[in-house]
Every structure is written in C-alpha cells, then in structure tokens.
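Novice: Curious how this folds, go ahead:
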Amino acid sequence: MNSLDNFPYPGVTECWHPLLESRALKDKPVSVSLMGLPLVLVRLNGQPRLFTDRCPHRLIPLSQGFVERDCLVCPYHGWAFDGDGQLRGTPGTQTCNTTAKLSSFPVQEKDGLLWTRMQGEGGEPLGFSDLPGYVHVQAYRSLDCNFFQSIENFLDPCHTPYVHKGLLRNRGAQQMRISQSVHSGGFRTQFDLPQRQNGWINRLFDPGVNRNVGRFDLPGRVELDYLKDDRILLRVVLFFVPHGASKTGIFARLYATRSWLPSALRFAMFKPFAETLFRQDRAMLEQQQAAVDRFGEHYRFADTDIVARPLWALLHGQTPKAGADIELNVAAGQ
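Specialist: As a prediction, the model looks like this:
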C-alpha cells in the first residue's frame, strides 16, 4: 500500500510543498515530514537531497546521523549512502557485501525554500507571490491541527469578533459584502467593508482599509490583501504544509508598503500583535483537532461558510463551487 493512501486530503498529494528554508540546511542532516512520512534533508556534494528518514539496516533515523565524504552516514553502524541514496560502505569490512538504496524524492530551491513532491511528475513549485516595491519579513510557525482547519481559519472572517475580540473586531456595526469566484485550482473571495474595522490593531495600524481580498491556490497558498480602494497596503502570504494528519506548518510572509520608518522597526512594532493573534488561533485550532481525533472529521456547513466549502472540495480533489454573494454582520454581540 502506498504511504499516502490514507492521507485525508488527496487533492494535494501530487503537488510541490515547501519543507525548509534553504539557509537552514547546512552541514548536518535535518529531520522533516510531509503527509505523515518522516524524511531527512541533507546536502551532499553541495546539493540538497531528500530521503526517507530510515536506515534500511536497523531502521534508525538517518537525520540523527552525519555527513562524511559526501555521504549520509547512519549513527548506529556507520552505513554510508551517496547523493543517489546508494549504499557505499558498511564499516567493518573492506568491501560492501550487501546492496541497499534509500527511497528518494525530488528537491527544488525556490523563493529561499526547499520544495518536494511525493507523487506525480513535472510541474514547478507554486512559490510565494511577488509584490515589487514592497518590503517583507518571513517566519515559520506550526500548528497541532489538520490541514483543512488550519487553512480555513486564516481565510474565515466570522471567528474574528469572538476569538480575536478587541484586537481585530469589537462590538458595533461590522458589515461585509462578500463575493467569490472559483477556478480549478483555487478561489478568490472579496470582502467589501462599509464600516472601518474597530479593533485595536485597526486603530493603531489601519490607514483606511475598505476591502479585503483572500485567495487560495492548491496545494496550500493563501494570500490576504488589505486594500484602501485599489491600493494594497498590506499583504500576508501563508504557505501551509501538511506535515501529517494533525500537524500543519506555515511559511508566512508579510509585505508592507515602503515608508520613511525603517521596515525592521515597523515589523517589530507589529510583531507582538501578530503573535497574540496566532496564539489565540492556535488555542482554538488545537481544541478542534482534539475533537476530530475523538469524533472524526465530521462538519456541518452553513451559508456563512463561504471559504470552507470550496476549500473542502479542492483538498479532496473535487471541483469547487463559488458561494453566493452575501452580506454579513460579524460583530460580536449583534
């Protein structure tokens, strides 16, 4: 049986996924995972290589080993594997009297990240979107939650006055006019905001955002644009990585307009608020995952789940349908 047969989201099993920042892979092997499979990244002859994280001799993780003479060496008995995964040495004898080869996967470097695909052929990593003329900062975070719930949370506006009450939204009129379009590999949702959002983050950092646009593209890229009329003031790009059935990684980039204020200082001022939002989301998502572990992934969908429906279809390899244009009032207490 293929190791991915039981992965719950078949719509992403043949796609390219990021695993690690390129600069983080130096002279030691690094343990990573994708869709439940333990993997090891290593540089051999200067090139990144990716193998299953298991020595065929006694099944010890090769990520605990080391690099010697451009071979990945197992820490248990010293079996050494070259860049093609071929066994090149078994210490204790002058000749290698057995054969073994590690399962390997393709690796590409793009946007400062190392990417792989577990199945399928051809194609290129989707990568981050580019926004010329803007400054950006990048970070990585992880969640103990499944792929679907993690992505939906960051696209869904309806939880914000409850989970992020006071920070993003507070009591008072918070209408949204929502429209959506879909395509075979993703969808776009536009939120027009008749009233200025009234949380503390908006009061401190919002120069007049009156439109949000959220985009999702397979396998896991989310773009969130915050606009004043047609001008992008802020863009958040999140690339979600399905490390396992209940573990999701996020490579995040925050783009901002250039300003007289140094970008490092601006990002540093915003960071405590972003970290607080993430902690609040993480607490809720971990509770969701605990419920999924107990009861299974069974959800009900309402008309307000405008991003959940097409996302669920795409992750399951189905054709998405656009939600109907709707108006919402998402204010807490209304």
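Novice: List the buried residues of stretch 137-151.
Specialist: Burial within stretch 137-151, assessed by neighbour count using 16 or more other Cβ atoms under 10 Å, is assigned to 137, 143, 145, 146, 147, 148, 149, 150, 151. (Each C-beta comes from the backbone N, C-alpha and C, glycine too.)
Novice: cool, stretch 175-184 as well?
Specialist: Judged by neighbour count (16+ other Cβ under 10 Å), stretch 175-184 contains these buried residues: 176, 178, 180, 182.
Novice: Which helix or strand lies directly C-terminal to the strand ranked longest in the chain?
Specialist: In the chain, with assignment by DSSP state E, the single longest strand is strand 231-244. As assigned by DSSP states H and E, the chain's next helix or strand after strand 231-244 is strand 247-257.
Novice: Partner strands of that following strand and their direction?
Specialist: Each strand that strand 247-257 pairs with, and the sense of that pairing, follows from DSSP bridges: strand 134-143 (antiparallel), strand 231-244 (antiparallel).
Novice: got any ranges where this structure has weak pLDDT?
Specialist: By pLDDT under 70, the weakly predicted segments of the chain are 1-3, 94, 96, 167-174, 194-208, 329-334.
Novice: for it, what's the longest helix?
Specialist: With secondary structure taken from DSSP state H, the chain has its longest helix at helix 263-295.
Novice: can I get the CA coordinates of the next helix or strand along the chain from it in CSV?
Specialist: For helix 263-295, the following helix or strand on the C-terminal side (DSSP H and E) is helix 308-315. C-alpha atoms of helix 308-315 as CSV (Å, rounded to 0.1, in the frame of the first residue of the first chain):
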residue,chain,number,x,y,z
ALA,A,308,-14.9,26.4,3.8
ARG,A,309,-17.0,24.8,1.0
PRO,A,310,-14.6,25.4,-1.9
LEU,A,311,-11.6,24.7,0.2
TRP,A,312,-13.0,21.3,1.3
ALA,A,313,-13.8,20.4,-2.3
LEU,A,314,-10.3,21.3,-3.6
LEU,A,315,-8.4,19.5,-0.8
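Novice: Contacts made by helix 308-315 with the rest, please.
Specialist: In this structure, residues lying in contact with helix 308-315 by Cβ atoms under 8 Å, 6 or more residues apart in numbering are 9, 11-12, 147-148, 151-152, 155-156, 180, 182, 185-187, 216, 218, 299, 301, 319-323.
Novice: For PyMOL, write the select line for the buried members of those residues.
Specialist: A single PyMOL command selects the buried members of those (16+ other Cβ under 10 Å):
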select buried, resi 9+11+12+147+148+151+152+155+156+180+182+186+187+216+218+320+322+323
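Novice: In helices, which of the contacts of helix 308-315 appear?
Specialist: Among the contacts of helix 308-315, the members found in helices (DSSP H) are 147, 148, 151, 152, 155.
Novice: now these as TSV including distance to residue 241?
Specialist: As requested, the ones in helices among the contacts of helix 308-315 are arranged in TSV below (distance: Cβ to Cβ, whole Å):
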residue	distance to residue 241
147	9
148	13
151	11
152	16
155	16
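Novice: Nearest to residue 306 among those?
Specialist: Lowest distance from residue 306 to the ones in helices among the contacts of helix 308-315 (Cβ to Cβ) belongs to residue 155, with 9.0 Å.
Novice: Once you drop chain neighbours, what's closest to that closest one?
Specialist: In space, and not counting its chain neighbours, residue 155 is closest to residue 307: 4.2 Å by Cβ to Cβ, 6 or more residues apart in numbering.
Novice: Also residue 35?
Specialist: With Cβ to Cβ, 6+ apart as the criterion, residue 35 has its nearest non-adjacent residue at 4.7 Å, and that residue is residue 7.
Novice: again with residue 47
Specialist: Nearest in space to residue 47, with sequence neighbours left out and distances taken as Cβ to Cβ, 6+ apart, is residue 83 at 6.5 Å.
Novice: which residues does that neighbour contact?
Specialist: Contacts for residue 83 were tallied using Cβ under 8 Å, 6+ apart; they are 44, 45, 47, 49, 70.
Novice: and the residues you listed as CSV, adding distance to residue 246, secondary structure and neighbour count?
Specialist: Conversion of these to CSV gives the following (distance: Cβ to Cβ, whole Å; DSSP: H, G, I helix; E, B strand; the rest coil; neighbours: other Cβ atoms under 10 Å):
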residue, distance to residue 246, secondary structure, neighbour count
44, 32, strand, 18
45, 36, coil, 9
47, 32, strand, 11
49, 28, strand, 23
70, 37, coil, 14
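Novice: Could you pull out the helices in the stretch 51-200 of the chain for me?
Specialist: Counting by DSSP state H, counting those that start in this stretch, one finds helices in the stretch 51-200 of the chain at the ranges 147-155, 160-163, 200-205.
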